[in-house]
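Undergrad: can you look at this prediction? I've put the sequence above it.
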Amino acid sequence: MFEKNVLPAILIIDDEEQIRRLLTDLLSAEYECVQACSAEEALAVLETRTFDLVLSDINMSGITGLELVPRIHESTPDTVVMMISGQQTIDVAIEAMRAGAFDFITKPMDLRQVQAGVARALSHRRLIEDKRRYENHLEELVQERTAKIEHLAYHDRLTDLPNRNLFEIRCEEALAIAPARGGAVLLVSLDRFKKIVGALGHAAGDVLLTTAAARMQCCIRGHDVIARFETDEFGILLTGVEDATEVTDVALTIAAAMKPSFSVGGGQDVFVTTSIGISLFPANGNDAATIIRNARAALDQAKQLAGNNYQFYVPEMNAQALTSLGLETNLRRAVEENEFVTYYQPIVCLASGKTVAFEALVRWQHPRLGLLNPVDFIALAEDTGLILEIGTLVMRTACAQVRQWQCEGHGPLRIAINVSARQVLEKDFLDQLIGVLAEARLDAQSLELEITETSIMENSESAIRVLSDIRRLGVRVSIDDFGTGYSSLSYLKHLPIDTVKLDRSFVSGVTTDLKDAALVMAIVSLAHNLNLQVIAEGIETNEQHDFLRSLKCDEGQGYLLGRPAPAELIDWTRLNPERKQNVVASHRATENIRLVINE
Ligand code: C2E
Ligand code: MG
Ligand code: MG
């Protein structure tokens, strides 16, 4: 295809002769055009030769254009198809995309648009070919590196010890080979590890972990397995154990090995103790998952006893753990004691690369379970109504924070806050919102509320009314996780909103899945036609970023651009590298003038 001096070939399918002739006249100077007056005729032609591009009408008697696309792709998956539709509705366009079409044109046709569309489709076709070549190359690379990747999949990067997956496999193997021979799983956790990292930094934490791992390795026999589980947690598998005293000996040896101080760099020496949970097999379980779970219950007990001890699992521990984890009472207490921390994730303007907003994402600093993500507690908070208090707390904290950043000269930043439907539908929500803005002395324009598409659909009438009121205040409204309630696409134009946040599940496929790419293209253009802004969520790779930017998607958010972090850990120099110099330069010139640099 695309050899020198050979014109790209286009198959034009339409049951109206006039349209076929019009398109042929328009395109035949640059391309080789072949006509077909029905999908059936087109299929017959396609059996004899291939085309770079198929331009097909949607509404034809017999096989329709939409039915034709998958049949073309069955035999020649790389053929690019553009659809021509008499109807101007977006739903038809989306249907065409879903069927596998690359683009669509509506009748009456704007000839310049057709030419531009054809050129775009053909350059897309070239990209597909490049992609195929690239994929073949990639496959070779993958084969070459399989061993390395497998190693990575089963080992911890920092210590190169087996990870939890491999540990579980080894456990199952031990149980299968010698079910009657005893063994034990020890979970070892370094006490106060998080505090040490907080005080001395991650580099010190890494040194501590590798040294501790090496010391532990000296406490076990060659055929025993040691693995790194989580941050400061190691698993040890002992096999061929005759009785519990052998296991106790290992636990005591580990505790003794940790006694000498650890030098963690920068002239710092630290002391560390361990908490150890032990479960025995076959006594405490017949499968890896149960044995590890029971060892964890024992570890929890050891930690509760202030660390620096080991505990054998006893069956009461699980029941105890369950009640003490009764999250609901815990959640109430968390609200009273304000155990919530707000993290902030940058939202970046894709055209300029500048950070223009942050999304506030709540975390629960649980005293025993550590930092919990919203998935672990938002549903419970909604069920119990505690979401109202948590929501207010997040809103007040985040508004005050962004106001502070604005005052510090970081530009006219917005803050995006997630609100649940339950919160928005509260009678006094609007008053509350006005109160929070006044308290933080924040412009309404700087605030954006995110609400999920599904929660609006579930409460549509009342939700629409409140959203309109919110926007009347000047506060922006965005639809979160857009695309997950796909059926409401045409419904979008009735919603009082400013922004669409494209769900991560689409973004992850844009550079690998043609259908995702087409769908995202359609959503972006539909949103722009409705004067809505689009923010893409979950951008993780440069390829995704570049693609979305080329689509003129307005803003983006994702691990590539910045992970959620607590306010004090936001790295402004990384977010807007040129900004630092500006601040410094301007401060020199005008000491007392506050800067708004983002404008
Ligand atoms: P969301 O509003 O769609 O937030 C985006 C989620 O995607 C966040 O998860 C964020 O950490 C994650 N994320 C961001 N970039 C990437 C990426 O590149 N890759 C991947 N894999 N993930 C990425 P998080 O913080 O766990 O929040 C989950 C959900 O919890 C949020 O989804 C939001 O619906 C809800 N939520 C968070 N904070 C609050 C809150 O204060 N109130 C309410 N009602 N809901 C909240
Ligand atoms: Mg959100
Ligand atoms: Mg989202």
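TA: Arrived safely. Everything numeric here is computed off the predicted structure, so don't read it as measured data. Numbering: from 1, shown residues only. Ligands and ions are numbered 1, 2, ... in the order given.
Undergrad: how near is the spatially closest residue to Asn308 that is not a sequence neighbour to Leu190?
TA: Counting by CB to CB, 6 or more residues apart in numbering, Asn308 lies nearest to Thr273, which is 3.8 Å off, once chain neighbours are set aside. Using the backbone N, CA and C atoms, a C-beta is placed for each residue, glycine as well. Distance from Thr273 to Leu190, counting by CB to CB, to the nearest Å: 8 Å.
Undergrad: who has more neighbours, those two?
TA: Comparing Thr273 with Leu190 by neighbour count (other CB atoms under 10 Å), the higher total belongs to Leu190, at 22 against 15.
Undergrad: so who does that one touch?
TA: By CB atoms under 8 Å, 6 or more residues apart in numbering, the contact list for Leu190 reads Leu208, Leu209, Ala212, Asp232, Glu233, Val272, Thr273, Thr274.
Undergrad: that one and Ile292, how far apart?
TA: The span separating Leu190 from Ile292 equals 18 Å under the rule CB to CB.
Undergrad: the stretch 201-350 of the chain: strands as residue ranges?
TA: Assigned by DSSP state E, counting those that start in this stretch, the stretch 201-350 of the chain shows strands spanning 225-228, 233-239, 262-263, 269-270, 274-281, 309-312, 340-349.
Undergrad: strands paired with the third one, and their directions?
TA: The partner list of strand 262-263 in its sheet, established with DSSP bridges, is strand 269-270 (antiparallel).
Undergrad: and the second one, by the same measure?
TA: In the sheet containing strand 233-239, the strands it pairs with under DSSP bridges are strand 183-190 (antiparallel), strand 225-228 (antiparallel).
Undergrad: what's the average pLDDT for the first one?
TA: I take that to be strand 183-190. Within the predicted structure, the mean pLDDT of strand 183-190 is 95.
Undergrad: tilt between that strand and strand 274-281?
TA: Relative orientation of strand 183-190 versus strand 274-281 (axes from the mean of the first three to the mean of the last three CA atoms, to 10 degrees): 160 degrees.
Undergrad: buried residues, strand 183-190. List them.
TA: Across strand 183-190, burial judged by 16 or more other CB atoms under 10 Å covers Gly183, Ala184, Val185, Leu186, Leu187, Val188, Ser189, Leu190.
Undergrad: near ligand 2, from those residues?
TA: The overlap between the buried residues of strand 183-190 and the neighbours of ligand 2 (CB under 5 Å from the ion) is empty.
Undergrad: give me the residue from the stretch 251-400 of the chain nearest ligand 2.
TA: When scored by CB to the ion, the stretch 251-400 of the chain has Glu359 as its residue closest to ligand 2, at 5.6 Å.
Undergrad: which residues of the stretch 451-599 of the chain lie near ligand 2?
TA: So far as CB under 5 Å from the ion goes, the stretch 451-599 of the chain lies against ligand 2 at Asp480.
Undergrad: where does the protein dip in pLDDT?
TA: 1-5, 142-149, 178-180, 318-328, 484-490, 577-599 (pLDDT under 70).
Undergrad: okay, domains of it per the record?
TA: The chain breaks down by automatic domain parsing into domains covering 9-134, 164-314, 328-508+558-570.
Undergrad: and the ones you listed: which comes nearest ligand 3?
TA: domain 328-508+558-570 (4.2 Å).
Undergrad: for ligand 3, tell me whether that closest one is touching it.
TA: Yes - counting by CB under 5 Å from the ion, ligand 3 is contacted by domain 328-508+558-570 at Asp480, Asp481.
Undergrad: quickly list what Ser279 is bridged to.
TA: The bridge-partner assignment for Ser279, based on DSSP bridges, gives Val185.
Undergrad: number of residues surrounding Trp491?
TA: Residue 491: Tyr, not Trp. 13.
Undergrad: which element, helix or strand, includes the spatially closest residue to it that is not a sequence neighbour?
TA: When the adjacent residues along the chain are set aside, Tyr491 lies closest to Met457, with 7.8 Å between them (CB to CB, 6+ apart). Of the helices and strands defined by DSSP states H and E, Met457 is found in helix 453-458.
Undergrad: ends of stretch 508-516, how far apart?
TA: Start and end residues of stretch 508-516 are separated by 9 Å (CA to CA, to the nearest Å).
Undergrad: distance between that stretch and the chain's centre?
TA: The chain centroid and the centroid of stretch 508-516 are separated by 15 Å under CA atoms, centre = their mean, to the nearest Å.
Undergrad: in that stretch, what counts as buried?
TA: For stretch 508-516, a neighbour-count test (16+ other CB under 10 Å) marks Ser508, Gly509, Val510, Thr511, Leu514, Asp516 as buried.
Undergrad: over to stretch 63-82?
TA: Gly65, Leu66, Leu68, Val69, Ile72, His73, Thr79, Val80, Val81, Met82.
Undergrad: quick check, stretch 540-556 touching ligand 3?
TA: No - using CB under 5 Å from the ion, we find that stretch 540-556 stays clear of ligand 3, coming within 12.5 Å at best.
Undergrad: residues touching that stretch, excluding its own?
TA: With CB under 8 Å, 6+ apart as the criterion, stretch 540-556 contacts 347-351, 356-357, 502, 507-508, 510-511, 517, 520-521, 524, 528, 533-536, 539, 558-561.
Undergrad: which single residue of the stretch 451-599 of the chain ends up nearest ligand 2?
TA: Checked against ligand 2 (CB to the ion), the nearest residue in the stretch 451-599 of the chain is Asp480, 4.3 Å away.
Undergrad: now that residue, what's its secondary structure?
TA: Secondary structure for Asp480, judged by DSSP: H, G, I helix; E, B strand; the rest coil, is strand.
Undergrad: pull the CA atoms of stretch 469-477 into PDB?
TA: Output for stretch 469-477, consisting of C-alpha atoms alone and laid out as PDB, is shown next (Å, rounded to 0.1, in the frame of the first residue of the first chain):
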ATOM      1  CA  ASP A 469     -28.900  26.700  41.100                       C
ATOM      2  CA  ILE A 470     -25.200  25.800  41.700                       C
ATOM      3  CA  ARG A 471     -24.200  27.200  38.400                       C
ATOM      4  CA  ARG A 472     -26.200  30.300  38.900                       C
ATOM      5  CA  LEU A 473     -23.800  31.000  41.900                       C
ATOM      6  CA  GLY A 474     -20.900  30.900  39.400                       C
ATOM      7  CA  VAL A 475     -19.700  27.500  40.600                       C
ATOM      8  CA  ARG A 476     -18.800  25.200  37.800                       C
ATOM      9  CA  VAL A 477     -20.300  21.700  37.500                       C
END
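Undergrad: that stretch vs ligand 1: in contact?
TA: No - under the criterion of CB under 6 Å from any ligand atom, stretch 469-477 makes no contact with ligand 1; the nearest approach is 13.6 Å.
Undergrad: now what about that stretch, what contacts it?
TA: Residues lying outside stretch 469-477 but in contact with it, judged by CB under 8 Å, 6+ apart, are 414, 424, 430, 433-434, 437, 443-445, 447-449, 451, 467, 496-499.
Undergrad: show me just the buried residues among these.
TA: Of all the contacts of stretch 469-477 considered here, the ones buried according to neighbour count by 16+ other CB under 10 Å are 414, 424, 430, 433, 437, 447-449, 451, 467, 496-497, 499.
Undergrad: possible to save those as TSV with secondary structure and distance to ligand 1?
TA: What follows is those, written out as TSV (DSSP: H, G, I helix; E, B strand; the rest coil; distance: CB to the nearest ligand atom, whole Å):
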residue	secondary structure	distance to ligand 1
Arg414	strand	15
Val424	helix	10
Leu430	helix	17
Leu433	helix	14
Leu437	helix	17
Leu447	strand	13
Glu448	strand	11
Leu449	strand	10
Ile451	strand	9
Leu467	helix	15
Pro496	coil	19
Ile497	coil	15
Thr499	strand	12
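Undergrad: all set now, cheers.
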